[in-house]
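Undergrad: Kindly return the folded structure for what I paste below:
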Amino acid sequence: MRKLISFLFLSVIITFPLGAQTYPKEGSLLNYRLIGFRFPQVQDFSNCTLEVAIGNQTTKSDFNKNIVLSLKTEKNRIIGEVPYFGKEYTWRIRCSKNGNDSMSNVYHHFKTGITRMVDSNYVRVVVFKDAEKYQDAHVFMDGTGVLYDMKGHPVWYLPGKDSLGADGDIKLTPQGTITFMSEKATKNIYEINYNGDTLWTGPNKGKVSGDKTEYYNHEFTRLSNGHYMVLGEERVLWTPVISKDSTLSAPVHHANRKSKQIADSEGTRTGFGTVIEYDPSGKVVWSWKSWDFFKRVDSTLLNSINYNYRPKVQKQLLDVHQNSFYFDEKEKVLYLSYRGISTILKIKYPEGTVLNVYGKLLGDFGDETGTEWFCGQHSIKISQDGYLYLFNNNKCSEGAPPSVIMMQQPTTTDDKLKKVWEFNCTNDDVIAQKQKETLEPGYANGLKLNPQIPQVITFDRGGNVVELPDKSIFVDECGKVGKVFIVNRDKQVIWSALPESFGSELHIWNAVTNYRASIITDPKDLEKLIFNTGK
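TA: Numbering: from 1, shown residues only. So this is what the prediction gives:
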């Protein structure tokens, strides 16, 4: 039975003490329904109750008639979930001792905002399999810019976002904040709090790229030490391949019109990836340029690999396409994924030396050091057991499904990657549900669902994988279907869901594509995020 978005869900999360500030502040407009209520500690009183009524209430009788949430607490902070976006609310705290009430006649007011992204007439999340574990987890979907619970209920939205896509890689930081990339108007990177207040913005001055901008793209992460790491690009002019012995030219930066004219007439401008680390003040404290490595690689090889992967873009000649990274802070190793050449680089930090190459790329490393297990890969990470794992778009094998692959890294110079686990992604649950229900009874006027769900799912971009505490894997498929799910190590899917948007022209529900969905599994992390605002 499919589970549709409902706004009638209430929840409570463990509380702990804070100072004397009252929050939400009077008249606040909130971009969330999951709220961290705070109020002054009452001396010698216990058995406090948070009560929330819908509407702007000013009298006891009207308030009591409209109560939608009542939660007991002995602390002066508590998290409660109100039922609707786009509504006014009134709340109060009642603390009693020996039959006497305190503060019961003090009313506070706030509103919850609304955007199309949390409007169930426009966007919804269909849960195909209820969560067997992680029932209290929450998922960020950057396709909608919304945080959902595991039943598909939206509880938070990115302020200012009213269209699908554009803003990507929304995720929680170790500091209890949110980072994301804006790929629409500003093309910058941001850190915000739960309330949507901007805490940090990328300098984006071209200090590393040598251009007017850093060309931020694909992945932005705040590190445990408080620094920020992001992928960028260095736009380089290089000469097309003429013979087997030819090599790439020296880089020419494109910060003015003249260099662009040179590129258009003499060669091809290619974005070679950079990695930039900023401190909290925005100062570049470390960077790495992939051009310094790739210019030493035989360009005929680079192009032959690229042709195998994307045979229709021969005019471009080369697209290494750096698309994700993982920084192992403990081991001081950086992993970089290159989709266009199906290659992963392992780099020593901070020296910047390449320790190994996984994939088909040769160059200074002589014989092939990788494998043909992955092609057009995305989202590289290291597991709790030290395995390398990734989302394999599997573009080199026509008709083959994407997969999640876990590999043991080489332990000697003669060793290669060894596959230790793989899960092939399918659309079986989506297809089965769509075949059962061609109409949606009692919802959206019974309009038809989209029957065009492909039997074989093929992707050429995106995808995310995150290992969870019990070693299950959270997967975001991206692509044409965009399903998110959790699979355990026994290859059993223990939760799956699909975000959809309503297409009014054809009166059908279409899958929403995420670039990178992420998950919060620890309630303490959620508490930290919620209470790390409004101070």
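
Undergrad: which SS state does residue 180 fall under?
TA: strand (DSSP: H, G, I helix; E, B strand; the rest coil).

Undergrad: What number of neighbouring residues does it come out with?
TA: For residue 180, the tally of surrounding residues (other C-beta atoms under 10 Å) stands at 21. In short, each C-beta sits where N, CA and C put it, glycine included.

Undergrad: go on, residue 421?
TA: Quick note: residue 421 (other C-beta under 10 Å) scores 17 neighbours.

Undergrad: Wait, it touches residue 406, no?
TA: Yes: using C-beta atoms under 8 Å, residue 421 is in contact with residue 406, at 4.0 Å.

Undergrad: what do the two both touch?
TA: Any residue near both residue 421 and residue 406 by C-beta atoms under 8 Å, 6 or more residues apart in numbering counts here, and that gives 387, 389.

Undergrad: thinking residue 53 is in contact with residue 63, fair?
TA: Yes: at 4.7 Å, residue 53 counts as touching residue 63 under the criterion of C-beta under 8 Å.

Undergrad: quick one: contacts of stretch 274-289?
TA: Residues from elsewhere that reach stretch 274-289 (C-beta under 8 Å, 6+ apart): 200, 202-203, 207-209, 214, 223, 226-234, 272, 290, 325, 334, 336, 347, 349-350, 352.

Undergrad: Buried residues in it, which are they?
TA: Of the residues in stretch 274-289, those with enough neighbours to count as buried (16 or more other C-beta atoms under 10 Å) are 274, 275, 276, 277, 278, 286, 287, 288, 289.

Undergrad: between those residues, which is closest to residue 180?
TA: Proximity of those to residue 180 was ranked by C-beta to C-beta; the top entry is residue 278 with 15.7 Å.

Undergrad: Overlap in contacts, residue 53 and residue 63.
TA: Taking C-beta under 8 Å, 6+ apart as the contact criterion, the residues that touch both residue 53 and residue 63 are residue 90.

Undergrad: For residue 137, give its distance to residue 163.
TA: Spatial separation of residue 137 from residue 163 under the definition C-beta to C-beta, to the nearest Å is 26 Å.

Undergrad: ok, these two, which is more surrounded?
TA: residue 137 (20 against 12).

Undergrad: List the contacts of the more buried one.
TA: With contacts defined as C-beta under 8 Å, 6+ apart, the neighbours of residue 137 are 131, 149, 150, 519, 520, 521.

Undergrad: For it, report the pLDDT, please.
TA: Looking at residue 137, its pLDDT is 98.

Undergrad: Leaving out sequence neighbours, find the closest residue to it.
TA: Take residue 137 and drop its neighbours on the chain: the residue closest to it by C-beta to C-beta, 6 or more residues apart in numbering is residue 521, 4.7 Å away.

Undergrad: what do you get for residue 135?
TA: Take residue 135 and drop its neighbours on the chain: the residue closest to it by C-beta to C-beta, 6+ apart is residue 150, 5.7 Å away.

Undergrad: quick one: that neighbour and residue 131 touch, right?
TA: Yes: in terms of C-beta under 8 Å, residue 150 counts as a neighbour of residue 131; the distance is 4.3 Å.

Undergrad: Comparing those two, which residue is more hemmed in?
TA: Regarding residue 150 and residue 131, a neighbour count based on other C-beta under 10 Å identifies residue 150 as having more, with 21 against 17.

Undergrad: Quickly note the distance from that one to residue 517.
TA: 13 Å.

Undergrad: for residue 405, same thing?
TA: In terms of C-beta to C-beta, residue 405 sits 19 Å off from residue 517.

Undergrad: Which one of the two is surrounded by more residues?
TA: Relative neighbour count places residue 517 above the other of residue 405 and residue 517, with 29 against 24, counting by other C-beta under 10 Å.

Undergrad: give me the number of residues near the nearest residue to the more buried one once chain neighbours are set aside?
TA: In space, residue 517 comes closest to residue 476 once its chain neighbours are excluded; the distance is 3.8 Å by C-beta to C-beta, 6+ apart. When counting by other C-beta under 10 Å, one arrives at 29 neighbours for residue 476.

Undergrad: How about residue 135?
TA: With neighbours defined by other C-beta under 10 Å, the count for residue 135 comes to 11.

Undergrad: element containing it?
TA: Residue 135 is part of no helix or strand when elements are defined by DSSP states H and E.

Undergrad: Likewise for residue 526?
TA: Assessed by DSSP H and E, residue 526 sits inside helix 523-531.

Undergrad: in that helix, what's buried?
TA: Within helix 523-531, the residues that count as buried by 16+ other C-beta under 10 Å are 526, 527, 528, 529, 530, 531.

Undergrad: roughly how far out does it sit from the chain middle?
TA: Average the C-alpha atoms of helix 523-531, do the same for its chain, and the two points are 17 Å apart (C-alpha atoms, centre = their mean, to the nearest Å).

Undergrad: Repeat that for stretch 188-196.
TA: Chain-centre distance of stretch 188-196: 13 Å, with C-alpha atoms, centre = their mean.

Undergrad: How far does that stretch stretch from one end to the other?
TA: The first and last residues of stretch 188-196 sit 16 Å apart, counting by C-alpha to C-alpha, to the nearest Å.
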